[in-house]
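> Any chance you could fold what I've pasted below:
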Amino acid sequence: MKKIFSSIAILAVSASCFTACFNLDEIAYSEILQETFEPTDQDVAALLASSYSEFGAMMDWYGMFDAQEEAADVVITPARPNGWVDGGVYQRMHEHTWYADDPGSPSSLYYYAFAGINAANRVMDQVKDGSLNTGDLHDYIIDELKAVRALWYAVLLDSHGNVPIVTSYKDTDLPMQSSRRRVYEFVTKQLQEVIDHGVLSEEKSAATYGRLNMWGVKMALMRVYLNAEVYTANEQGKGTPAYDKALALAEDIIENGPYSLSSKYLDNFQAFDDASAVNNTEIIFAIPYDNTYNTGEHVFTMAMKFYPPSEGKLHFGYTRNTWGGNCGNPQFINSYQEGDTRLTDTWLYGPQFVATPARADNDSKTAKYFNDVEDGVEVGKRDQIAWWCLNYLPSITGAKGKETITSIDFGCRQSKYQVDFNAAYTSQWTNDFPWFRLAEAYYTAAECILRGASSSYGHTPDELVNAVRQRSAPAITLADLQSTQSKMKYGLASFGAITTDMLNIYGNGYMKDGDSWSADPARQAHDWTEVYEALEASQKTTPSGHDNDPISFAGMYDEWGWEFALEGLRRQQMIRFGTFGTRNWFNHAAIGDNHTALFPIDKSTQQDNKNLGQNPGYVTANGSMAADVAIDDPIPADM
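The predicted model follows:
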């Protein structure tokens, strides 16, 4: 294996390895004729990296994070004073009213996935036909590319379901659509073949960081098997579970893999340098981002959405503004159990203070402030509030009658991904996204055992969950996991008590004189000390429909939410536990037929390919529906 890695090591410790290490900007591969290209080992590595590069869309604009989180019950992007209506795209994501030519995440996700699939197919074709001379690296490269392609298809299996299966870049015919069940069969077959072939490395090393090694492939297959009952469901909603297979993989990873749980939860979400990234013990497959070189296609754009514009700059000491945008759903924030530090690890709450060079304790949680005076000269305000994270958001639009009430202070902002203070640009954090981490194997094993699978190692669900929880929260019992009542209180949220006058007084620091408002010298902006508790308590949740129905293993459902908040998994969790199409949350009214559990096939894509039918519940652009045209034949043995 050492020979293999010395030859093709991508060394993807950061996304700069896709640019700086391989100088992709200097070599226009698309302009090199296949017949004349004589690749070196480094060229092979660079071409292999092209199949990974689209994974950077996870935290990019309208990327996979938005598709999985904005559609679920944790993240909301409301209207803000500086905009964020964006033609209603985020409101539609929240309300599940997206459509087939929506410019947002569903269409972008489909594009990103097939860009990754096409890149993998292109290189695979070149290796197979000998135009890319890979020598003794042939089998390794083919298996890694198969795994990458299968992971992209696993993304589409989850998001769009009924998609074409394309296995060669040379195919010129318009591809036929496959049923979701058939895509599931293809993905599991491809991943299992890679595992059975046994060529990929089982090492945890710099050479495998940011790439799919054998354990990453097993994690991918494990996740697909965990959701098999959803992916194989027929028109009556009945599918075939594979919890025994998911459990076997999870326990193999836990017991035999070279990974261990990080001692601290936040160790997995740092602004990594090369050494700390490789030394992380829990992350099995990461999407590398870079804070210097990667100014091109995919960067950590979510960093721009996390914090308000000039106020975020004041608090963190940025040289550039952020954009402001998303926040946590107050209902989800309120679901955390007492003593669970994942709440404060994941979310900013309360006053966020202006950074000053002389102030080392800038994270202090007091709203009082005073002037710093040295030798009679004022040197700045200490405890001056930059902005306040209220666990309160009146609505996604802020509309109340003829008024629209918006504020940067509404909603808790994320604190899970450590701020990268060394980023050349605010959108270029070097936080690598943990696509697979070991905690997921622990939780998968726990859920599978709860659902009836038998452990080969005598594991129990509470033991597995507590192994992860112990770094963040008090131990829980088996009965807690088996509970049918979620700590998440579902139902539509009321607007709450906010008024324009309150916003002017506490948000803007104004006082009223007759009919006019002016700055209040006795009050600073964003100081909600006097009213924040009453304001947060004023928002009520009204359950209806199925909101109070029992959820099988609701304690496990809650654990998934708390441990993996903001990791692009919540939509998938909700669908698996049956809450995505049945529950109301915040301003989202349940979609009774649950058709939004699949995103639509993009309108232009359907127009370009007459073989593609539309997913159920959406308007077709070419007269065909997936149920009528999608192939459902078994996957051939040689495919």
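> now stretch 229-246: mean pLDDT?
The average pLDDT for stretch 229-246 rounds to 95.
> What are the buried residues along that stretch?
By 16 or more other C-beta atoms under 10 Å, the buried positions in stretch 229-246 come out as Glu229, Val230, Tyr231, Thr232, Ala233, Gly239, Pro241, Ala242, Tyr243, Lys245, Ala246. To be clear about C-beta, it is placed using only N, CA and C from the backbone, and glycine gets the same treatment.
> would you turn those residues into CSV with distance to Val278 and secondary structure?
Compiled in CSV, the buried residues of stretch 229-246 are given as follows (distance: C-beta to C-beta, whole Å; DSSP: H, G, I helix; E, B strand; the rest coil):
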residue, distance to Val278, secondary structure
Glu229, 37, helix
Val230, 35, helix
Tyr231, 34, helix
Thr232, 38, coil
Ala233, 40, coil
Gly239, 39, coil
Pro241, 37, coil
Ala242, 33, coil
Tyr243, 33, helix
Lys245, 31, helix
Ala246, 28, helix
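> got the contact list for stretch 85-105?
If you take C-beta atoms under 8 Å, 6 or more residues apart in numbering as the criterion, stretch 85-105 is touched by 62-64, 66-67, 70-71, 76-79, 84, 106-107, 396-397, 586-589, 591, 596, 599-604, 606, 614, 618-621.
> Of the residues you listed, which qualify as buried by neighbour count?
62-64, 66-67, 70-71, 76-79, 84, 106-107, 396-397, 586-588, 591, 596, 599-603, 606, 614, 618, 620-621.
> Tyr457 in helix, strand or coil?
coil (DSSP: H, G, I helix; E, B strand; the rest coil).
> Confirm for me that Leu438 is in contact with Asn268.
No: Leu438 lies out of contact with Asn268 (C-beta atoms under 8 Å); the separation is 9.4 Å.
> Give me the common contacts of these two.
With C-beta under 8 Å, 6+ apart, Leu438 and Asn268 have common neighbours Glu282, Ile283.
> end to end, how far does stretch 580-596 reach?
Distance across stretch 580-596, first residue to last, is 9 Å (C-alpha to C-alpha, to the nearest Å).
> which residues touch that stretch?
By C-beta under 8 Å, 6+ apart, stretch 580-596 touches 71-73, 76, 94-96, 98, 329-331, 393, 395-397, 488, 490-493, 543-547, 549, 571, 574-575, 597, 615-618.
> what do you get for stretch 503-517?
Applying C-beta under 8 Å, 6+ apart, the external contacts of stretch 503-517 come out as 405, 407, 409, 501, 518-520, 523-528, 530-531.
> Please indicate which of the residues you listed are buried?
Ile405, Ser407, Asp409, Asp520, Gln524, Ala525, His526, Asp527, Trp528, Val531.
> could the buried residues of stretch 229-246 go into CSV alongside distance to Asp125?
What follows is the buried residues of stretch 229-246, written out as CSV (distance: C-beta to C-beta, whole Å):
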residue, distance to Asp125
Glu229, 35
Val230, 32
Tyr231, 28
Thr232, 30
Ala233, 34
Gly239, 34
Pro241, 36
Ala242, 31
Tyr243, 37
Lys245, 31
Ala246, 32
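> count of residues packed around the closest residue to Pro461 other than its chain neighbours?
In space, and not counting its chain neighbours, Pro461 is closest to Ala446: 4.0 Å by C-beta to C-beta, 6 or more residues apart in numbering. Other residues within reach of Ala446, judged by other C-beta atoms under 10 Å, total 29.
> who touches Ala446 in this structure?
His459, Pro461, Asp462, Leu464, Val465, Leu481, Met556, Glu559.
> repeat for Tyr490
Contacts of Tyr490 by C-beta under 8 Å, 6+ apart are Asp73, Gln331, Thr541, Pro543, Asp547, Asn548, Thr579, Arg583, Asn584, Trp585.
> which sections of the stretch 351-500 of the chain are below the confidence cut-off?
The model of the stretch 351-500 of the chain has pLDDT under 70 over residues 356-382, 424-427.
> Okay, strands next: where are they in it?
Shown for the stretch 351-500 of the chain, the strands assigned by DSSP state E, counting those that start in this stretch span residues 370-374, 377-382, 385-389, 399-400, 403-404, 413-414, 433-437, 491-493.
> Parallel or antiparallel, list what pairs with the fourth one.
Right, the one you point to is strand 399-400. Counting by DSSP bridges, the strands paired with strand 399-400 are strand 403-404 (antiparallel).
> taking the contacts of stretch 85-105 one by one, which sit in strands?
Ile76, Phe586 (DSSP state E).
> Name the residue closest to the centre of the chain, please.
Geometric centre of the chain, nearest residue: Gly568, 2.2 Å, by C-alpha atoms, centre = their mean.
> Within the helices and strands, which one has that residue?
Using DSSP states H and E, Gly568 falls within no helix or strand.
> Please name the residues that touch it.
By C-beta under 8 Å, 6+ apart, the neighbours of Gly568 are Met58, Met64, Phe65, Gln68, Glu69, Phe433.
> mind putting these in a markdown table, distance to Val194 included?
Output for the contacts of Gly568, formatted as a markdown table (distance: C-beta to C-beta, whole Å):
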| residue | distance to Val194 |
| --- | --- |
| Met58 | 22 |
| Met64 | 22 |
| Phe65 | 26 |
| Gln68 | 25 |
| Glu69 | 29 |
| Phe433 | 22 |
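> Mark which of these are part of helices, please.
Met64, Phe65, Gln68, Glu69 (DSSP state H).
> what's the helix or strand for Ile195?
Using DSSP H and E, Ile195 falls in helix 180-197.
> and that helix, C-alpha only, in CSV?
Provided in CSV are the C-alpha atoms of helix 180-197 (Å, rounded to 0.1, in the frame of the first residue of the first chain):
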residue,chain,number,x,y,z
ARG,A,180,-35.2,4.7,-6.9
ARG,A,181,-35.2,1.0,-6.0
ARG,A,182,-32.9,0.3,-8.9
VAL,A,183,-30.5,3.2,-8.0
TYR,A,184,-30.4,1.7,-4.5
GLU,A,185,-29.5,-1.7,-5.9
PHE,A,186,-26.7,0.0,-8.1
VAL,A,187,-25.3,1.9,-5.2
THR,A,188,-25.2,-1.0,-2.8
LYS,A,189,-23.7,-3.3,-5.4
GLN,A,190,-21.0,-0.9,-6.4
LEU,A,191,-19.9,-0.1,-2.8
GLN,A,192,-20.0,-3.8,-1.8
GLU,A,193,-17.8,-4.7,-4.8
VAL,A,194,-15.2,-2.2,-3.7
ILE,A,195,-15.3,-3.6,-0.2
ASP,A,196,-15.1,-7.2,-1.4
HIS,A,197,-12.2,-6.4,-3.8
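> what helices or strands is that helix leaning on?
helix 138-159, helix 214-226, helix 228-231 (3 or more C-beta pairs under 8 Å, 6 or more residues apart in numbering; DSSP states H and E).
> And for the shortest one, what's in contact with it?
The set of residues external to helix 228-231 that reach it, using C-beta under 8 Å, 6+ apart, is 157-158, 161, 180-181, 183-184, 224, 239-242, 245-246, 575-576, 597.
> the helices in the stretch 251-400 of the chain, which residues?
Using DSSP state H, counting those that start in this stretch, the helices of the stretch 251-400 of the chain run over residues 274-279, 302-306, 309-316, 330-333, 342-346.
> Which elements pack onto the shortest one?
If I follow you right, that is helix 330-333. Contact partners of helix 330-333 among helices and strands, from 3+ C-beta pairs under 8 Å, 6+ apart: strand 585-586.
> Which stretch among the helices and strands packed on helix 180-197 is buried most, on average?
Most buried of the helices and strands packed on helix 180-197, by mean neighbour count (mean count of other C-beta atoms under 10 Å): helix 214-226, with a mean of 25.
> dump the residue contacts of Thr346.
Gln414, Ser415, Lys416, Ala565, Leu566.
> Equivalent analysis for Gly328, please.
Here Gly328 is in contact with Val74, Val75, Ile76, Trp347, Asn391, Gly411, Cys412, Arg413, Gln414 (criterion: C-beta under 8 Å, 6+ apart).
> Now do whichever strand or helix holds Ala250: everything it contacts.
For Ala250, the element it lies in under DSSP H and E is helix 243-256. Outside of helix 243-256, the residues that reach it under the criterion C-beta under 8 Å, 6+ apart are 215, 218-219, 221-223, 225-226, 228, 259, 284, 438, 441-442, 444-445, 447-449, 451-457, 459.
> That concludes my questions; thank you for your assistance.
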